[in-house]
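Student: for reference, the sequence and a predicted model appear below.
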Amino acid sequence: MGALVLTQGGGFQPPGADSFVLPPIVGGVTKPMVLVVLSVIIIAVYFTLATRNLKMVPGKGQFVAESVYDFSRNSIAREQIGSKDFRPFVPLIFALFTFVLVNNIFGIIPLVQFPTMSRIGFPIALFITAYVVIHFVGFRRHGFLGYLKHVMFPPGVPKPIYLLLSPIEFFQKFLAQPVALAIRVFAAMFAGHLILLVFTLGGSYLITEASAALKPVSIISWAFAIALTFVEALIQVLQAYIFALLTANFIGAALASEH
Amino acid sequence: MVNTQMVLAAEGEHNPIIPEISELILGLVAFVLLLFVLWKYAVPRFEKLYAERTEKIEGGIEKAERAQAEAEQALEQYKAQLADARAESARIRDDARVEAEQIKEELRAQAQAEADRIVAQGHAQLQAQRAQIIAELRADLGRNSIELASRIVGESLEDEARRRGTVDRFLAELDSESTAGATRE
């Protein structure tokens, strides 16, 4: 609201979709691209070094690395896929979780301060990977027709209902669910970053451009920005968890045998 | 939000839900690379550690179970041995009782036999002595009687035939009296 009022009154440009278009640093390379590469290096190097000399009784460093792995492995992969089939998918779930987590956290790290997942190209890249894996294992487990039947004809439904249900199930499993997976993390990061921008830039604008009576309001604006940064931290971790969780859930559903 | 969209529409700017191909490809490559590294290095090492840990814990459990089984077996053995020993001791006790009974019976029988034998012997001896005494007394009595009689009569019973007759008659009398007395006894 404040932004709107100010827009009418003065020259405040509220942050919008344009705020996510950053000028290239060198050639066609933009900040999100650099961040993605950076995240891969951070994760790969960290876990390669942390696992170089694992002890039966973990030290502090090993404990942290192990907790992240344990969380992806046991709390996400095993819970969702089932203890029989989860092992081959542990690396995928682990990579998804850490990759999304680090890229999300970039949104609140000082100086970096850009969640790469707010550029939809990256969530879509992950979505493609997950999509291929989910349906590949589904087809491999049940056979081509078997998997289609598994998806489109869930048991325990009166026959005429399939006329209605099967197209919905097909649409949901092959399109809606996986796309929602990508959109969800994108939207959360996009909106979160936008909110932080609004409060931060709004505060700056107020203190420089507004009348003396309105200047103190910028303090409130910044306070909100700080408070929302904490909220963002929660959301960023949560979104990484949800992304890995849902991928594991879809894999589990694709593998599940008929009950 | 309406405002923002209007601005966007007006300026024909960036649409946030249209992916940039370069980002998409970079994201894909970067993620697959990360996946590869984690798959190749981190996950196997973690899994190896997990396996070792599981093995160690399970090994410990197995060891404890084995020790417990052994202890139970030993206890079972001891119990069996104890029961055996109890049965053995009871058997020995019973045997001893039976044996003692037997010995007692035997001894009693022996003592009885001995007593019987002693009584019989005493009886026999008494009979023999009595017979002897009777015989001696009879001889004495005969002699004394004759002597007395000869003194009283004043004549010697020289006539052998008479003497014998008298003595024999007297003895027979005496004899019959004594047997009557004996049976009366």
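Tutor: That came through fine.
Student: which stretches of chain B have low pLDDT?
Tutor: B:1-13, B:153-163, B:180-185 (pLDDT under 70).
Student: spatially central residue for it, please.
Tutor: Central residue of chain B (CA atoms, centre = their mean): B:Ala90, 2.4 Å from the mean position.
Student: what helix or strand does that one sit in?
Tutor: Secondary structure from DSSP states H and E places B:Ala90 in helix B:43-153.
Student: next one: that helix to chain centre, how far?
Tutor: 13 Å (CA atoms, centre = their mean, to the nearest Å).
Student: any residue of that helix up close to chain A?
Tutor: Yes. Using CB under 8 Å from any CB of the partner chain, a contact is recorded between helix B:43-153 and chain A, made by B:43, B:45-49, B:52-53, B:56. Backbone N, C-alpha and C define where each C-beta goes, glycine included.
Student: quick one: is stretch A:103-111 near chain B?
Tutor: No. Remark: stretch A:103-111 sits outside contact range of chain B, by CB under 8 Å from any CB, the gap being at least 9.3 Å.
Student: now do that stretch, average pLDDT.
Tutor: Taken as a whole, stretch A:103-111 carries a mean pLDDT of 90.
Student: just the element for the nearest residue to A:Val237 once chain neighbours are set aside, please.
Tutor: Closest residue to A:Val237 apart from its sequence neighbours, by CB to CB, 6 or more residues apart in numbering or on different chains: A:Leu101 at 6.5 Å. Under the assignment given by DSSP H and E, the secondary-structure element containing A:Leu101 is helix A:90-105.
Student: give me the angle between that helix and helix B:43-153.
Tutor: Angular relation of helix A:90-105 and helix B:43-153 on a 0 to 180 degree scale: 130 degrees, by axes from the mean of the first three to the mean of the last three CA atoms, to 10 degrees.
Student: next SSE downstream of helix A:90-105?
Tutor: Next along the chain from helix A:90-105, counting by DSSP H and E, comes helix A:121-142.
Student: quick check: angle from that next one to helix A:90-105?
Tutor: Note on geometry: by the same axes, to 10 degrees, helix A:121-142 and helix A:90-105 are set 160 degrees apart in direction.
Student: quick one: least confident helix or strand in chain A?
Tutor: Per-element confidence for chain A was summarised using mean pLDDT, DSSP states H and E. The lowest value among helices and strands belongs to helix A:2-9, with a mean of 44.
Student: right, and the helix or strand after it?
Tutor: Proceeding C-terminally, helix A:2-9 gives way to helix A:31-50 as the next helix or strand, assigned by DSSP H and E.
Student: how about that next one: buried residues?
Tutor: For helix A:31-50, the buried set under the neighbour-count rule, 16 or more other CB atoms under 10 Å in any protein chain shown, comprises A:31-36, A:38-40, A:43-44, A:46-47, A:50.
Student: anything in that helix near chain B?
Tutor: Yes. Interface with chain B: helix A:31-50 contributes A:32-33, A:36-37, A:39-40, A:43-44, A:47-48, A:50 (CB under 8 Å from any CB).
Student: quick check: angle from that helix to helix A:90-105?
Tutor: Orientation of helix A:31-50 against helix A:90-105 (the same axes, to 10 degrees) gives an angle of 130 degrees.
Student: point out where the stretch 1-150 of chain A drops to low pLDDT.
Tutor: Judged by pLDDT under 70, the stretch 1-150 of chain A has its weakly predicted residues at A:1-10.
Student: burial of residue 130, as a residue count?
Tutor: Assuming you mean chain A. For A:Ala130, the tally of surrounding residues (other CB atoms under 10 Å in any protein chain shown) stands at 24.
Student: ah, no, chain B please
Tutor: The burial count for B:Arg130: 11, using other CB under 10 Å.
Student: and what of B:Gln121?
Tutor: With neighbours defined by other CB under 10 Å, the count for B:Gln121 comes to 10.
Student: next one: the one 4 residues further on
Tutor: If you count neighbours by other CB under 10 Å, B:Gln125 ends up with 10.
Student: same question, B:Val32
Tutor: A total of 14 residues lie near B:Val32 under the criterion other CB under 10 Å.
Student: quick one: contacts for the residue lying closest to it once chain neighbours are set aside?
Tutor: Sequence neighbours aside, A:Thr129 is the residue nearest to B:Val32 in space, at 7.0 Å (criterion: CB to CB, 6+ apart). For A:Thr129, the residues meeting the contact criterion (CB atoms under 8 Å, 6 or more residues apart in numbering or on different chains) are A:92, A:96, B:28, B:31-32, B:35.
Student: next: A:Gln236.
Tutor: Going by CB under 8 Å, 6+ apart, A:Gln236 touches A:101, A:104-105, A:107-108, A:115, A:189, A:192.
Student: what's the farthest-apart pair in those residues?
Tutor: Pairwise distances across these peak at 14.4 Å for A:Leu101 and A:Gly192 (criterion: CB to CB).
Student: the two: who's more crowded?
Tutor: The neighbour comparison of A:Leu101 against A:Gly192 (other CB under 10 Å) goes to A:Gly192, with 24 against 21.
Student: what element comes up after the helix or strand where the more buried one lies heading to the C-terminus?
Tutor: Secondary-structure assignment from DSSP H and E places A:Gly192 in helix A:177-209. Following helix A:177-209 in sequence order, the next helix or strand is helix A:217-255 (DSSP H and E).
Student: averaged pLDDT, that next one. What do you get?
Tutor: 92.
Student: what angle do that helix and helix A:177-209 make?
Tutor: Here helix A:217-255 points in a direction 170 degrees away from that of helix A:177-209 (the same axes, to 10 degrees).
Student: and stretch A:63-82, how far out from the chain middle?
Tutor: Put simply, stretch A:63-82 sits 17 Å off its chain's centre (CA atoms, centre = their mean).
Student: picking up where we left off before, give the contact list for the residue nearest to A:Val237.
Tutor: Taking CB under 8 Å, 6+ apart, we find A:Leu101 in contact with A:236-237, A:240.
Student: next one: B:Phe46
Tutor: B:Phe46 makes contacts with A:51, A:54, A:66, A:69, A:73, as judged by CB under 8 Å, 6+ apart.
Student: repeat that with 6 Å
Tutor: The neighbours of B:Phe46, taking CB atoms under 6 Å, 6 or more residues apart in numbering or on different chains as the test, are A:Tyr69.
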